[in-house]
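# I'll drop the sequence and a predicted model, then ask my questions.
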Amino acid sequence: MNAQDYMKLPYNYIVKPIHDESGSYFHASVLEFDGCHSTGDTFEEAYSSLLEAMEGWIETKLGNGYTVPPPFDAGNFSGKFVVRLPKTLHARLALEAEKEGVSLNQYALYKLSAG
């Protein structure tokens, strides 16, 4: 595959407004490509600039013999995973869940998402 082939794939673009000491602008990045980002005064400018940066990022990776990561697809995840933990922690979490009147799964989800 060449850079143009990769550019057609459904990568995840993130464009968000920034307001800091240097002013107001938009920051754009590609979730799958570490270090591939751009900025612009408008959403459209940041997005357009990101596409240019993305093409250069891909060309550089391919030119140096590196692989380009595939697009991230959240549909590939079941929402389940197994976690091994000490018995004492398991007991503590189960007791805390019981105090809150929720299942251990609900309580663990709450604890993992807090933050």
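Yes, it's here.
# count of neighbours near V102?
14 (other C-beta atoms under 10 Å). The C-beta positions use only the backbone N, C-alpha and C, and glycine is treated the same way.
# er, P69 I mean
For P69, the neighbour count with other C-beta under 10 Å is 14.
# Show the pLDDT at it.
Looking at P69, its pLDDT is 95.
# Could you pull out the helices in the protein for me?
Ranges of helices in the chain, per DSSP state H, are 3-7, 43-63, 87-100, 104-113.
# Any chance of CSV for those helices, columns distance to P71?
Listed next are the helices of the chain as CSV, based on distance: least, C-beta to C-beta, whole Å:
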stretch, distance to P71
helix 3-7, 9
helix 43-63, 12
helix 87-100, 35
helix 104-113, 25
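# Tell me which of those lies nearest to Y25.
When these are compared by C-beta to C-beta, helix 43-63 sits nearest Y25, at 7.4 Å.
# For that closest one, buried residues please.
46, 49-50, 53-54, 57-58, 61 (16 or more other C-beta atoms under 10 Å).
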